[in-house]
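**Q** what's the 3D shape of this:
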Amino acid sequence: MTNRIKVILAGASVLVALIAAGPLHAETTLSFLIDNSPDTVAAAEALVAAYEKIAPDVTIEIEQRPGGGEGDNIVKTRLATGEMSDVFLYNSGSLMQALKPAQTLADLSDLSSQAKVDESFKAVVRADGKLYGVPFGTAMAGGILYNRKIYQDLGLPVPKRWAEFMANNEKVKAAGKVAVAQTYRDTWTSQLFVLADYYNLHQAAPNFANDYTANKAKYATTPAAMKGFERLKEVHDAGLMNEDFGAASYDDGLRMVATGEAAHYPMLTFAVGALKQNYPENLEGVGFFAQPGDDAAKNGLTVWMPPALYVPLASQNADEARKFVDFAGSVEGCKIMVETNTAQGPSLVDGCALPADVPPAVKDMLPYFEAKATTPALEFVSPIKGPALEQITVEVGSGIRQPAEAAALYDDDVRKQAKQLGLPNW
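**A** Just a heads-up that it's a prediction; the model follows:
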């Protein structure tokens, strides 16, 4: 039998193997930092279990962090201090750019899995011609999860205009149900009415992303950009939300829309994975539609790329970390995540086909893609996303701050971010 003793010296873990019998095998323990969403945890655990079977000399220890701004601060602090885990999960797009990848992240361009990753994803983990991440999950969209039974019982049509959505909300309220679940305990969930409205903003102002990045357009001075804040306030002022919106959590919102306590929950479709994990008996009862705008003829979907797995430059186990990330980004890794959490949107890995029995909320997304009525969320077509947005949208959604003031405050937040990124014209 093999005996091993772990010795801690000068704050660093040094493994001293004392072998009583048998050959010596080099062993590696990788640390893996993820957010604490139930679907993330389930997918990460499935990937780790599968990888440890094919690499028995590797042990991967999963650590969880909060989501939202608190989680962002943990990631940035650990990177800045050289204390980041060997592998970590974080957003792609503008938030990845804010990590200054050339200074903090390992180049993953040469991983074999990258050959099958869709270019649309590569574009949001690329900086200075190098790829720094692999996809963790499928593409997804932002919009409205809805309870199908409530819609059926009340005879409600799926809305394509904002006015139709608000009319549906009034009928739900009259029926004694919560019309719109809001969950500001998890502050990041407050952003959806603003972020998921980008398709509508893009239709009204097609050059907004470029002008916004070049400091030529602002939320506060672009009427179509202001509407997301206005819609958030309109829902609050109409008394459509759950009374405990300030204390309710993300899981509370999922429970409400899944069980029929609420008719709607503005959310990203990655929530389908959490619904499968926590409310599997209700998964078939939840549908999805794009956030409505002002013109039914221009109804479409705002699309998000999934987060990515990264390896920090400071990792002491970079070679083994790269192998694990390569596995996660492969067809096999993609299939494991889809089987664990079900698909949350189209696959971004060639050869990782979606199962035929995807949930209704995912099926509801597909016509938008087939009609090419989609656009990437702003954070994937502009490198700037202000970190204070979730606090600002909590204030608007709670009736504390007016939309115009909130938009101006967010413009100032964006200005700070653009300066930190060193963008021209700021």
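
**Q** show me where the stretch 301-426 of the chain has helices.
**A** 318-328, 331-341, 360-363, 366-370, 378-381, 389-397, 403-421 (DSSP state H, counting those that start in this stretch).

**Q** now the fifth one: average pLDDT?
**A** This means helix 378-381. Taken as a whole, helix 378-381 carries a mean pLDDT of 92.

**Q** which elements pack onto it?
**A** The helices and strands touching helix 378-381, judged by 3 or more C-beta pairs under 8 Å, 6 or more residues apart in numbering; DSSP states H and E, are helix 94-97, helix 208-213. Quick note: C-beta positions are derived from backbone N, CA and C, even for glycine.

**Q** kindly report the same for the third one.
**A** Secondary structure elements in contact with helix 360-363, counted by 3+ C-beta pairs under 8 Å, 6+ apart, are helix 271-278, strand 286-290.

**Q** residue 138 against residue 340, yeah?
**A** No - when contacts are counted by C-beta atoms under 8 Å, residue 138 is not listed as touching residue 340 (11.8 Å).

**Q** okay, the two: which has more neighbours?
**A** The neighbour comparison of residue 138 against residue 340 (other C-beta atoms under 10 Å) goes to residue 138, with 28 against 18.

**Q** residue contacts, the residue nearest to that one when sequence neighbours are not counted?
**A** Leaving out its chain neighbours, the residue that sits closest to residue 138 by C-beta to C-beta, 6 or more residues apart in numbering is residue 345, at 4.7 Å. For residue 345, the contacting residues are 138-141, 269, 303, 362, 365, by C-beta atoms under 8 Å, 6 or more residues apart in numbering.

**Q** I'd like those laid out as JSON lines, including pLDDT.
**A** Shown next, in JSON lines, are the contacts of residue 345 (pLDDT from 0 to 100):
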{"residue": "138", "pLDDT": "93"}
{"residue": "139", "pLDDT": "92"}
{"residue": "140", "pLDDT": "93"}
{"residue": "141", "pLDDT": "96"}
{"residue": "269", "pLDDT": "95"}
{"residue": "303", "pLDDT": "94"}
{"residue": "362", "pLDDT": "93"}
{"residue": "365", "pLDDT": "93"}
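
**Q** from those residues, which land in strands?
**A** Of the positions in these, 140-141, 303 sit in strands, assigned by DSSP state E.

**Q** residue 363 versus the residue nearest to residue 138, what's the distance?
**A** Here the criterion is C-beta to C-beta, to the nearest Å. By it, residue 345 lies 11 Å from residue 363.

**Q** now residue 113
**A** For residue 113, the distance to residue 363 - C-beta to C-beta - is 28 Å.
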